[in-house]
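Chemist: Can you look at this prediction? I've put the sequence above it.
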Amino acid sequence: MNPLLLDAEALYADLLNGVRRLLQPDMALVGIWSGGAWLAERLQRDLGLPGEPGVISSSMHRDDFGSKGMSASADHTKLAFDVSARPVLLIDDVLFTGRTTRAVLNELFDFGRPASVALAVLVDRGGRELPIEPAYSAARISLDKGQSLRLAKDEDGRFSFDLNGG
C-alpha cells in the first residue's frame, strides 16, 4: 500500500471492526501515548464500552532511555483500573521495530499481571527488531528506514497521517 494514499479515517473504521472481534469479557483498552491513546479513546466510545480507556507511555522503560533522557510523555501513563488478572488490548497507531511495544509491556507489568495482552495497530510498517506481532493490523505498508509515519488528529477529532523523511 502506498503510504501517501493512506486514509486514516477508513483505516480507523477497519480497526474498529478488528477490535470488535478481539474483545473479550472485561477486556481493558489501553492506548499507547499519543496516537494509540487517541485511537483507544475513540474506540472506547464507538464500541460503547464503560469508563475510560487506559493510557500508557513507553518512556520509563525504553532501551534508549540513557541516550534520549526523560521524555515529555513520561508522566502520561494513566490506568484508572486494576490490570491484574484482566485481559488487556494495547492500541497503537504505527508499529515499526517493536521496541515501543516491549517498553510498554514492561510499564504495564509494573501495574500488575494481566490475564493476557494483545496488540491492535492502525498501521504495521514492518521492520521489526523484536519478535512482536499485532493480533490485528488495519494496514501493512513498507517505508524506508529514514521515513516516519505519525497519526495526527484535528480539532474535530478526525485522523490523518503525517509522513516525514525519506
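Modeler: That came in fine, so what should we check first?
Chemist: what's the strand or helix carrying residue 44 packed up against?
Modeler: Per DSSP states H and E: residue 44 is located in helix 35-46. Using 3 or more CB pairs under 8 Å, 6 or more residues apart in numbering; DSSP states H and E, the elements in contact with helix 35-46 are helix 8-22, strand 28-32, strand 54-56, strand 87-95, strand 148-153. (C-beta placed from N, C-alpha, C; glycine too.)
Chemist: so can I have TSV of these showing distance to residue 163?
Modeler: Formatted as TSV, these follow (distance: least, CB to CB, whole Å):
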stretch	distance to residue 163
helix 8-22	11
strand 28-32	20
strand 54-56	25
strand 87-95	11
strand 148-153	6
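Chemist: do you know which of these lies nearest residue 131?
Modeler: Nearest to residue 131, of all the helices and strands packed on helix 35-46, is strand 87-95, at 12.6 Å by CB to CB.
Chemist: can you give me the angle that closest one makes with helix 8-22?
Modeler: Relative orientation of strand 87-95 versus helix 8-22 (axes from the mean of the first three to the mean of the last three CA atoms, to 10 degrees): 160 degrees.
Chemist: So for residue 46, which of the helices and strands packed on helix 35-46 sits nearest?
Modeler: Closest among those, using CB to CB: helix 8-22, at 5.7 Å.
Chemist: Skipping adjacent residues, who's closest to the residue sitting nearest the centre point of the chain in space?
Modeler: In the chain, the residue lying closest to the centroid (CA atoms, centre = their mean) is residue 92, at 1.3 Å. Distances taken as CB to CB, 6 or more residues apart in numbering put residue 36 closest to residue 92, at 4.0 Å, once the chain neighbours are dropped.
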